[in-house]
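Novice: Have a look at this prediction, sequence included:
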Amino acid sequence: MKINGIYIKGIALLALVIFLYGFSNHKNDQEKVKKIEVQFEKGTNLFMSYQMVNKLLIQKNETPKNIAKSVIDLHKLESKVLAHPMVENAAVYLTVDGLLKARVKQRTPIARVITNNKSYYIDKQGETMPLSPNYSERVMLVFGAGNKKDNAKIYKLVTAILRDKILKNLCISIQKSDENEFILNTRIGNQKILVGNLKNLNQKLQNLKSFLNKSIGDKTINNYALINLKYNNQVVCTKK
């Protein structure tokens, strides 16, 4: 009988815990959203404003504020934020004290493509990103390109340039020619660097670095108008 009494007390205690848990959840679900809070990663909201994110958190044409937690579709709201072309990652969630929070990580542009019809960024993941009315990032400018195939090539070329400190400081813009070749415009010497196509790109850039180390060292860099990397294992220069 003593053992049965322990079992009964245990079952009663478990039932009480389940009841209290269910009651607490029900009460929590009926609580209303008190406030919407938007947080940008690292505290920066360069491209997007708080108002832009708040508009993405609209549910059924109304703000979630003062709506019961139980009717908030967090998955749908998070999906809307993630679908924005300026957003790299996001999390939308409710807190126990009635806050609807959105944590947003914006995309990081590495190049800006300028065409006759439009202008847009390419980010560090190779995705396209629209310009922002709030902020303009200082990145590599690219002219003469503007389709998906070009975007992949631009991403490859810019990423390779940004990986190297010397090339990053040297190159200020990229031009795609009518022959589908890429030309780098430089900060030092004001000469053009003809990369050609992107075949053997790493080797071409390594050849360029070797040439720059020599020509900058002996101060002959300003003598050249064009540095041609098109030919295998060669750097062919045209004097001014």
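Specialist: Ah, there it is.
Novice: Got the domain ranges for this protein?
Specialist: 32-106, 109-239 (automatic domain parsing).
Novice: for the protein, what spans make up the strands?
Specialist: For the chain, the strands defined by DSSP state E cover 35-40, 87-94, 99-106, 109-114, 119-123, 128-130, 140-143, 171-176, 182-186, 192-196, 224-228, 236-239.
Novice: gap between the last one and the chain center?
Specialist: Looking back up the chat, that one is strand 236-239. 38 Å (CA atoms, centre = their mean, to the nearest Å).
Novice: helices or strands next to it in the packing?
Specialist: strand 224-228 (3 or more CB pairs under 8 Å, 6 or more residues apart in numbering; DSSP states H and E). Using the backbone N, CA and C atoms, a C-beta is placed for each residue, glycine as well.
Novice: any chance of the strands of the chain in a markdown table, with mean pLDDT, distance to residue 205 and mean neighbour count too?
Specialist: As requested, the strands of the chain are exported to a markdown table (pLDDT from 0 to 100; distance: least, CB to CB, whole Å; neighbours: other CB atoms under 10 Å):
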| stretch | mean pLDDT | distance to residue 205 | mean neighbour count |
| --- | --- | --- | --- |
| strand 35-40 | 92 | 35 | 16 |
| strand 87-94 | 94 | 27 | 18 |
| strand 99-106 | 93 | 29 | 19 |
| strand 109-114 | 96 | 16 | 21 |
| strand 119-123 | 95 | 19 | 20 |
| strand 128-130 | 94 | 24 | 17 |
| strand 140-143 | 96 | 14 | 20 |
| strand 171-176 | 94 | 10 | 18 |
| strand 182-186 | 94 | 10 | 20 |
| strand 192-196 | 94 | 8 | 20 |
| strand 224-228 | 92 | 12 | 17 |
| strand 236-239 | 88 | 16 | 12 |
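Novice: would TSV of those strands with distance to residue 151 be doable?
Specialist: Shown next, in TSV, are these (distance: least, CB to CB, whole Å):
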stretch	distance to residue 151
strand 35-40	26
strand 87-94	17
strand 99-106	19
strand 109-114	7
strand 119-123	6
strand 128-130	6
strand 140-143	9
strand 171-176	11
strand 182-186	13
strand 192-196	17
strand 224-228	25
strand 236-239	29
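Novice: To residue 59, which of those strands lies closest?
Specialist: strand 99-106 (9.9 Å; CB to CB).
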